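> Quick one, structure for this:
(2 chains)
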Amino acid sequence: DVKVTQSSRYLVKRTGEKVFLECVQDMDHENMFWYRQDPGLGLRLIYFSYDVKMKEKGDIPEGYSVSREKKERFSLILESASTNQTSMYLCAAGTESYEQYFGPGTRLTVT
Amino acid sequence: DQQVKQNSPSLSVQEGRISILNCDYTNSMFDYFLWYKKYPAEGPTFLISISSIKDKNEDGRFTVFLNKSAKHLSLHIVPSQPGDSAVYFCAASGGGSNYKLTFGKGTLLTVNP
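Predicted structure coming up:
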């Protein structure tokens, strides 16, 4: 089974801070994704990557950037955190089977 | 515009009975459909999937049905167990080299003992 780990389960940051969320997968999957989950809104795609150094915007990329320097690692960056970025952040890895395997999530609170 | 819709925010069933979760989609380019289960404070876990060339896929207690003409799919859980209580997300992919998933908003299933 694919194991996807995220650097923190819970994180509290202040408005304006730069925030790094790290995601690592251990199964050599090409595709990696970042979502946020909010009550009543489901999972919304922020950014994704199909290869090292490659990144594509998802449905809600504003206020976020990503980095993929190694195949197993996909980082989500909040350049200047705002309160409306308080959310559950979920990282996923997947292959050509379309199935995605999710990490446990990071509950980020921006105060 | 919401391309994957789960119109029931919640569903409550008795243990041992059938749970039926529904999902509708609007994008006719969707080619592959998946169901995920999510417990609080955990990431979603993959349950079952179906390709658009099929109308049914079964895995143990879980069966997914696809009606392409109606752009509708459903997940049946038989028999339902209290441990099935979770939020269920329907997701769709465009197929081919498009590996992005579009998720519905989820349905909270509660199975009562």
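
> Strands along chain A, start to end?
Along chain A, counting by DSSP state E, strands occupy A:4-6, A:10-13, A:19-25, A:31-38, A:42-49, A:56-57, A:64-70, A:73-78, A:87-94, A:100-102, A:106-110.

> could these be laid out in CSV, adding distance to residue B:64 and mean pLDDT?
In short, each C-beta sits where N, CA and C put it, glycine included. As requested, the strands of chain A are exported to CSV (distance: least, CB to CB, whole Å; pLDDT from 0 to 100):
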stretch, distance to residue B:64, mean pLDDT
strand A:4-6, 24, 95
strand A:10-13, 34, 96
strand A:19-25, 26, 97
strand A:31-38, 22, 95
strand A:42-49, 18, 94
strand A:56-57, 28, 94
strand A:64-70, 32, 96
strand A:73-78, 29, 97
strand A:87-94, 18, 96
strand A:100-102, 17, 94
strand A:106-110, 30, 97
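
> who's in contact with the closest residue in space to residue A:23 that isn't next to it in sequence?
The shortest distance from residue A:23 to any non-neighbouring residue, by CB to CB, 6 or more residues apart in numbering or on different chains, is to residue A:91 (3.4 Å). Shown in contact with residue A:91 (CB atoms under 8 Å, 6 or more residues apart in numbering or on different chains): A:4, A:6, A:21, A:23, A:32-35, A:74, A:76, A:102-103.

> Around chain A, which positions in chain B sit nearby?
B:6, B:9, B:32, B:34, B:36, B:41-46, B:49, B:89, B:91, B:93, B:95, B:99-106 (CB under 8 Å from any CB of the partner chain).

> all strands of chain B, in order?
B:4-5, B:10-14, B:19-25, B:32-38, B:45-51, B:56-59, B:62-67, B:72-77, B:86-95, B:98-103, B:107-112.

> Closest one to residue A:12 out of the contacts of residue A:91, please.
Set against residue A:12, the nearest of the contacts of residue A:91 by CB to CB is residue A:21 (13.2 Å).

> burial measure for the residue nearest to the closest one when sequence neighbours are not counted, as a count.
Leaving aside its chain neighbours, residue A:21 sits nearest to residue A:76 (4.3 Å; criterion: CB to CB, 6+ apart). Residue A:76 sits with 23 neighbouring residues when counted by other CB atoms under 10 Å in any protein chain shown.

> Would you confirm that residue A:76 contacts residue A:47?
Yes - with contact defined as CB atoms under 8 Å, residue A:76 and residue A:47 form a contacting pair (7.0 Å).

> So for these two, which residues contact both of them?
Joint contacts of residue A:76 and residue A:47 (CB under 8 Å, 6+ apart) are A:34, A:64-66.

> Among those, which one has the most neighbours?
Busiest of those [other CB under 10 Å] is residue A:34, holding 24 neighbours.

> Quick check: that residue vs chain B, distance?
The gap separating residue A:34 from chain B is 12 Å, by CB to the nearest CB, to the nearest Å.

> unless I'm mixing things up, that residue is touching residue A:88, no?
No - if you go by CB under 8 Å, residue A:34 and residue A:88 don't touch, sitting 11.6 Å apart.

> what about the residue lying closest to residue B:35 once chain neighbours are set aside, how many neighbours?
Sequence neighbours aside, residue B:47 is the residue nearest to residue B:35 in space, at 4.5 Å (criterion: CB to CB, 6+ apart). Neighbour count of residue B:47, defined by other CB under 10 Å: 17.
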